[in-house]
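K.L.:
Sequence plus predicted model, see below.
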Amino acid sequence: MPELKIVGKTRVKLSGRVQKLEISPTTAVLQEANQLKRQGIDVIDFGPGEPDFSTPENVKEAAHQAIRENFTKYTEVGGILPLKQALADKYKKDWGAGYDAAEIIVCAGGKQALFNLALALFEEGDEVVIPAPYWVTFPEQVRLAGAVPVVAPVPEHERFILRAAMLEPVLTSRTRAIIVTSPNNPTGAVIPEEEVRRLVKLVRERGLLLISDETYEHFSYQTDRAFSASALRDEALQELIIVGAVSKTYAMTGWRIGYALGPRAIIAAATNIQSHATSNPASISQKAALEAITGDQGSVKVMKAEYRRRRDFAHAALAKVPGVSCDLPDGAFYLFPNVSRYLRGEVRDSAAFAGFLLREARVAVVPGSAFGAEGYIRISYATSMELLAEGIRRIEEALRKIKN
Ligand SMILES: Cc1ncc(COP(=O)(O)O)c(C=O)c1O
């Protein structure tokens with residue numbers, strides 16, 4: 001029975017849908033971190049999953065221009081044609097994949113693209129396979145759509161690299177789709193080309209959909225880009241949906257522009273949902289995203305080089321912390337160290353460990369449990385070298401207080 005909340009004299013019944021949502025394990029730590037910051041306490045924040053760089057100047061200028069030209073009204077629900085065309089050109093150039101405008105939707109962030117897709121595709125009785133560690137939003141969106149998220153663990157000893165064979169044991173007659181992300185949030189793992197090929201083969205053989213979230217595509221440190229499933233697109237087959245965003249690549253998290261490319265019937269359904277939810281993404285942001293994608297890419301190179309430098313530095317510093325082990329990830333801007341050696345007594349799980357670091361080290365991290373992986377923490381290195389050095393030094397100092 002849905003819980004009844006008393007608000008003033010009114011009895012409010014929250015929907016069963018909302019009650020099925022998990023309470024985010026990150027909330028408690030984040031609230032505590034914010035409270036400490038408000039008290040003027042110097043907390044080093046390794047929590048945020050967003051670039052610390054400013055949006056590139058050419059992109060900001062395109063937005064100013066859009067305002068000056070009064071490009072400030074409703075647009076087409078699924079995004080303006082020049083932006084869809086720019087995305088089609090990008091996927092053609094990068095991956096040889098041919099998409100036309102009817103196979104593309106532009107949304108308010110990658111998150112809305114994924115949400116539209118979940119509502120368009122899943123319902124009661126469906127199962128959606130999600131490899132863990134996963135981005136927190138995937139299972140919740142599947143639940144909001146009424147379906148069941150089925151978690152397939154990807155082990156640390158495989159460097160958290162998803163292999164198609166790991167998914168086979170959890171596939172059932174109710175499985176509708178698999179949602180993967182590469183480079184991965186929170187592990188930074190990148191799925192190699194041969195494994196993307198196996199995943200696509202698997203969904204083809206089983207008649208499933210593959211939703212490939214490629215939000216961090218540019219932040220792949222072994223190659224120019226993480227291999228995109230779009231390269232394997234076969235126009236006769238309808239099993240692939242690519243999701244991306246300008247949010248991380250161009251340091252544009254606040255502008256809220258993401259997109260999906262896929263079969264036209266699915267894109268039309270997602271567009272229909274969007275038309276009744278938020279209408280078009282912000283007109284000004286669309287113009288900014290158009291410049292981001294078609295303009296000078298120099299800023300992406302600069303940011304990528306800096307992330308790589310920070311990754312190498314933070315990884316080397318963490319490797320010196322006794323009892324903490326961490327693989328060197330190939331992508332994104334996160335480290336996902338194993339801290340299980342410290343989990344005992346009061347610090348019994350990763351959420352308690354994150355609380356301990358906040359109180360003892362004044363460092364905020366996200367517990368692994370938020371990503372379906374107990375025994376780990378996520379450290380975002382989208383912050384300065386100085387803060388990385390000082391934060392990891394503080395972590396090491398605090399851990400000396402936990403007896404080994
Ligand atoms: C894996 C992944 N996908 C999608 C997104 C969505 O990004 P946005 O909605 O800001 O474009 C994020 C953001 O954290 C992410 O980590």
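P.N.:
Structure received.
K.L.:
list the contacts for L119?
P.N.:
Residues near L119 by Cβ atoms under 8 Å, 6 or more residues apart in numbering: L144, A145, A270, I273. Heads up, the C-betas are built off the backbone N, CA and C, glycines and all.
K.L.:
Just the element for it, please.
P.N.:
Using DSSP states H and E, L119 falls within helix 109-121.
K.L.:
and the following helix or strand past that helix, which strands flank it?
P.N.:
Next along the chain after helix 109-121, taking DSSP H and E as the criterion, comes strand 127-132. Partners of strand 127-132 in the sheet, by DSSP bridges, are strand 148-153 (parallel), strand 175-181 (parallel).
K.L.:
which residues of the stretch 51-200 of the chain fall in helices?
P.N.:
Assigned by DSSP state H, counting those that start in this stretch, the stretch 51-200 of the chain shows helices spanning 57-68, 81-95, 109-121, 137-144, 193-206.
K.L.:
And the third one, what's buried?
P.N.:
The reference is to helix 109-121. Within helix 109-121, the residues that count as buried by 16 or more other Cβ atoms under 10 Å are 109-121.
K.L.:
what sits up against stretch 38-52?
P.N.:
26, 29-30, 33, 36-37, 185, 247-248, 251, 253, 303, 333-334, 358, 362-366, 378-384, 387, 390-391, 394.
K.L.:
what's the most distant pair in the buried residues of helix 109-121?
P.N.:
Using Cβ to Cβ, the two most remote members of these are G109 and L121, lying 18.5 Å apart.
K.L.:
Find the residue ranges of this structure scoring beneath the pLDDT cut-off.
P.N.:
1-6, 23-27, 403-404 (pLDDT under 70).
K.L.:
Tell me who's in contact with the residue in it that the ligand sits nearest to.
P.N.:
Nearest residue of the chain to the ligand: G109, at 2.7 Å (Cβ to the nearest ligand atom). Contact partners of G109, counting by Cβ under 8 Å, 6+ apart, are A245, S247, R256, I257, G258.
K.L.:
if I read this right, the last one contacts K248, doesn't it?
P.N.:
Spelled out, it's G258. No - the criterion here is Cβ atoms under 8 Å, and G258 misses it with K248 at 10.1 Å.
K.L.:
picking that back up, turn the strands paired with strand 127-132 into a markdown table, columns for mean neighbour count and distance to A97.
P.N.:
Shown next, in a markdown table, are the strands paired with strand 127-132 (neighbours: other Cβ atoms under 10 Å; distance: least, Cβ to Cβ, whole Å):
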| stretch | mean neighbour count | distance to A97 |
| --- | --- | --- |
| strand 148-153 | 17 | 26 |
| strand 175-181 | 23 | 17 |
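K.L.:
could I get those as JSON lines with distance to V321?
P.N.:
Below are those laid out as JSON lines (distance: least, Cβ to Cβ, whole Å):
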{"stretch": "strand 148-153", "distance to V321": "25"}
{"stretch": "strand 175-181", "distance to V321": "27"}
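K.L.:
Q238 is nearest to which of those strands?
P.N.:
Among the strands paired with strand 127-132, strand 175-181 sits nearest to Q238 (Cβ to Cβ), with 12.2 Å.
K.L.:
Using PDB, write out the CA atom coordinates for the closest one.
P.N.:
Coordinates of each C-alpha in strand 175-181 appear next as PDB, following Å, rounded to 0.1, in the frame of the first residue of the first chain:
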ATOM      1  CA  THR A 175      14.600  -9.300 -21.300                       C
ATOM      2  CA  ARG A 176      14.000  -6.400 -23.600                       C
ATOM      3  CA  ALA A 177      17.200  -4.500 -23.600                       C
ATOM      4  CA  ILE A 178      20.700  -4.100 -22.300                       C
ATOM      5  CA  ILE A 179      22.000  -0.700 -21.200                       C
ATOM      6  CA  VAL A 180      25.800  -0.300 -21.400                       C
ATOM      7  CA  THR A 181      28.100   2.700 -21.000                       C
END
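K.L.:
In space, what's closest to P329 - neighbours in sequence excluded?
P.N.:
Setting aside the residues directly before and after it, P329 is nearest to G188 in space (Cβ to Cβ, 6 or more residues apart in numbering), at 2.7 Å.
K.L.:
Kindly tell me how buried that neighbour is, as a neighbour count.
P.N.:
28 (other Cβ atoms under 10 Å).
K.L.:
list the contacts for it?
P.N.:
With Cβ under 8 Å, 6+ apart, G188 has these contacts: R311, P329, D330, G331, A332, F333, Y334, L335, F336.
K.L.:
Scan the residues you listed and report the most crowded one.
P.N.:
A332 (31 neighbours).
K.L.:
which parts of this structure sit against the ligand?
P.N.:
Residues of the chain lying close to the ligand (Cβ under 6 Å from any ligand atom) are 49, 109-111, 135, 181, 185, 213, 215, 245, 247, 253, 258.
K.L.:
switch the cut-off to 8 Å
P.N.:
Within the chain, the positions near the ligand by Cβ under 8 Å from any ligand atom are 49-50, 108-114, 135, 137, 181, 184-185, 213, 215-216, 243, 245-248, 253, 256-258, 332.
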